[in-house]
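Undergrad: Here is my input; please provide its structure:
(chains A and B)
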2 protein chains.
Amino acid sequence: MSKDPTSPIGIFDSGVGGLTVARTVMERLPGESIVYFGDTARVPYGVKSADTVSRYAAEITKFLLAREVKLLIVACNTMAALALETITELSPVPVLEVIGAGAKLAMSRTRNKRLGVIATPATVQSQAYVQAIKGHDPDSFVASKACPLFVPLVEEGWLDHPVTRLVAQEYLAPLLTQNLDTIVLGCTHYPLLKPLLREVVGPDVALLDSAEAVSEAAANVLEDLGLKNPGHAPCHQFHVTDMPMRFREIGERFLGRGLDNVHLVKL
Amino acid sequence: MSKDPTSPIGIFDSGVGGLTVARTVMERLPGESIVYFGDTARVPYGVKSADTVSRYAAEITKFLLAREVKLLIVACNTMAALALETITELSPVPVLEVIGAGAKLAMSRTRNKRLGVIATPATVQSQAYVQAIKGHDPDSFVASKACPLFVPLVEEGWLDHPVTRLVAQEYLAPLLTQNLDTIVLGCTHYPLLKPLLREVVGPDVALLDSAEAVSEAAANVLEDLGLKNPGHAPCHQFHVTDMPMRFREIGERFLGRGLDNVHLVKL
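TA: Next comes the predicted model:
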């Protein structure tokens, strides 16, 4: 286990989406080095079985631990839902993940304890957000809705397009009749749709971003363990299993800045 | 090499889409046995590199050849575009694929030699259809358009939905000003959108289906080689690398009939 404050944080995802988490970690913890892993050869994980997802997650965990990370962040909701046990069993360093962090933040913000979760079909089917939220308060009400077209719409770049608005209106309609005060964006691609979703849900429903929640949790853990990097020259590395150029192109939209230092890895 | 007419035809795809090819083969050659392979653990191939696609295609080819197939049909446009050489080098039996068959059929049907191709970004970028069509007639004009949202819309089941109509209108608009008389559906998912696409393009543009083209080619090859199955009890087997239940559920929509005999394979 790395007890060295200058060690990097390991962030991993099935592809490019976890860069929204890397982005908020860079903003919240600008002094920290990051090793990012995107499994672009095998993305998406949302349509794979728990067995397959766990097998892939174990490979990535070992890869990052070999790079002496001091903290692991599971940015992929599917891996958080299906493979968390596999990852924590392998890891001697703390493991944070988007679902637990998102659920905790949502419970701290809701006033009427009526929450919504939008996510990929695999995440919704796993009931992981519902269980995490009800673990905080069994009396809370949670309505979930799978939104399978949001990821391809984001990757198409149609962030403010009539088609995306129509899709969002159709997906969110059943949530908008439930008197919810909070909706969790339970997929790393969805923060890019936040302005459009804001228009669709209106001003009275809070839209919570699991990326921000897990970054806040990371800051707290590093503070508690005395592992905050005292230096000021962080290094950001990105490892992908296929198509590094495409990762870079799409990734810059997610990261909101230039993306250098991308390496191709064969797992 | 199998010279036994009772041997099966091997059909392979990155996932479920190739079932539109299996369907037309079943209709055109009802006496033939089929071994279908869908690489559902690693789908989609359209965002992977040529190296990775070739590596996976080689694994599948060997798997099917070990099952004594008499003919191979590459139903996946991406594999046809990026890995055909790898597959033909490995195979002692004839290899047919959707791009060559689709291009040949299109050239036999067009009157004004002005054609369109709609496909996934990877297929369009490979220029494989353009090269195949121009190989028949260098003076023909080909306009291509990538339609990345069509596959997720088909998998969502929105075959006749206002969103899909709006997306189709936007994608096809640049083709409809080019005086084309023929558009090739260059992705195995697109035949399910044919009625909606027919509305969008109007009655004067032919919509050609590569699945039908490759089935016709298969019938001709078996006839020429004297390999048509004389029997009447064909066996249809399906092998997938993950999620056999999901394959079965979505697959029945593609196949237009019940889907039994699905086996899970670890490659």
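
Undergrad: Skipping adjacent residues, who's closest to residue A:147 in space?
TA: Distances taken as CB to CB, 6 or more residues apart in numbering or on different chains put residue A:171 closest to residue A:147, at 4.7 Å, once the chain neighbours are dropped. No exception for glycine: its C-beta is placed from N, CA and C like everyone else's.

Undergrad: How about residue A:266?
TA: residue A:241 (7.0 Å).

Undergrad: Likewise for residue A:217?
TA: residue A:101 (4.6 Å).

Undergrad: Double-check the one you found against residue A:216; I have them as touching.
TA: Yes. The pair residue A:101 and residue A:216 passes the contact test of CB atoms under 8 Å, sitting 7.4 Å apart.

Undergrad: Tell me who's in contact with the closest residue to chain B within chain A.
TA: Distance from chain B to each residue of chain A (CB to the nearest CB) is smallest for residue A:152, at 4.3 Å. The neighbours of residue A:152, taking CB atoms under 8 Å, 6 or more residues apart in numbering or on different chains as the test, are B:148, B:149, B:151, B:152.

Undergrad: Look at the last one and tell me its secondary structure.
TA: What it means is residue B:152. helix (DSSP: H, G, I helix; E, B strand; the rest coil).

Undergrad: related to what we said a few turns ago, please identify the buried residues of the helix or strand hosting the residue nearest to residue A:217?
TA: Using DSSP states H and E, residue A:101 maps to helix A:98-109. Residues of helix A:98-109 classed as buried by neighbour count (16 or more other CB atoms under 10 Å in any protein chain shown): A:98, A:99, A:100, A:101, A:102, A:103, A:104, A:105, A:106, A:107.

Undergrad: can you check stretch A:254-267 too?
TA: In stretch A:254-267, counting by 16+ other CB under 10 Å, buried: A:254, A:255, A:259, A:262, A:264, A:265.

Undergrad: okay, now the closest residue to the second one other than its chain neighbours: neighbour count?
TA: In other words, residue A:255. Closest residue in space to residue A:255, ignoring its immediate chain neighbours: residue A:19 at 4.7 Å, by CB to CB, 6+ apart. Neighbours of residue A:19 under the rule other CB atoms under 10 Å in any protein chain shown: 28.

Undergrad: And residue A:130, by the same measure?
TA: 18.

Undergrad: Now do it, the pLDDT please.
TA: Here the pLDDT value assigned to residue A:130 is 97.

Undergrad: hang on, it is in a helix, isn't it?
TA: Yes. Under three-state DSSP, residue A:130 falls within a helix.

Undergrad: who in chain A is up against chain B?
TA: A:40-43, A:47-49, A:52, A:148-149, A:151-153, A:155-156, A:162-163, A:166-167, A:170, A:242-243, A:246 (CB under 8 Å from any CB of the partner chain).

Undergrad: Quick one: mean pLDDT for stretch A:61-69?
TA: 97.

Undergrad: Same check on stretch A:232-239?
TA: The model assigns stretch A:232-239 a mean pLDDT of 92.

Undergrad: starting at the chain centroid, how far to the worst-scoring helix or strand of chain A on mean pLDDT?
TA: The least trusted helix or strand in chain A, going by mean pLDDT, DSSP states H and E, turns out to be helix A:121-126, with a mean of 88. Distance, stretch centre to chain centre, for helix A:121-126: 14 Å (CA atoms, centre = their mean, to the nearest Å).

Undergrad: what's it in contact with?
TA: Contacts of helix A:121-126 (CB under 8 Å, 6+ apart): A:45-48, A:77-78, A:81-82, A:99, A:117, A:129, A:144-146, A:148, A:186-187.

Undergrad: which residues sit in contact with the residue nearest the centre of chain A?
TA: With distances taken as CA atoms, centre = their mean, the residue of chain A nearest its centroid is residue A:75 (3.5 Å). Going by CB under 8 Å, 6+ apart, residue A:75 touches A:11, A:12, A:13, A:17, A:18, A:20, A:21, A:22, A:98, A:188, A:211, A:214.

Undergrad: partner residues bridging the first one?
TA: For residue A:11, the residues forming beta bridges with it (DSSP bridges) are residue A:36, residue A:73.

Undergrad: My guess is it contacts residue A:33. True?
TA: No. Contact between residue A:11 and residue A:33 fails when scored by CB under 8 Å: they sit 11.0 Å apart.

Undergrad: More neighbours: which of these two?
TA: residue A:11 (28 against 18).

Undergrad: so what's the more buried one up against?
TA: Per CB under 8 Å, 6+ apart, neighbours of residue A:11: A:18, A:21, A:22, A:25, A:34, A:35, A:36, A:37, A:72, A:73, A:75.

Undergrad: From those, keep the buried residues only.
TA: A:18, A:21, A:22, A:25, A:34, A:35, A:36, A:37, A:72, A:73, A:75.

Undergrad: what about the fourth one, is that helix, strand or coil?
TA: What it means is residue A:25. helix.

Undergrad: wouldn't residue A:221 be in contact with residue A:96 here?
TA: Yes. The pair residue A:221 / residue A:96 is scored as a contact, 6.6 Å apart, by CB under 8 Å.

Undergrad: who touches both of these two?
TA: residue A:71.

Undergrad: Which one of these two is surrounded by more residues?
TA: residue A:96 (23 against 19).

Undergrad: Double-check residue A:112 against residue A:181; I have them as touching.
TA: Yes. Judged on CB under 8 Å, residue A:112 makes contact with residue A:181 at a distance of 5.0 Å.

Undergrad: So if I had to pick from the two, which one is more boxed in?
TA: Comparing residue A:112 with residue A:181 by other CB under 10 Å, the one with more neighbours is residue A:181, at 16 against 11.

Undergrad: contacting residues around that one?
TA: So residue A:181 contacts A:110, A:111, A:112, A:114, A:115, A:204, A:205, A:206 (CB under 8 Å, 6+ apart).

Undergrad: Good, we can wrap up now.
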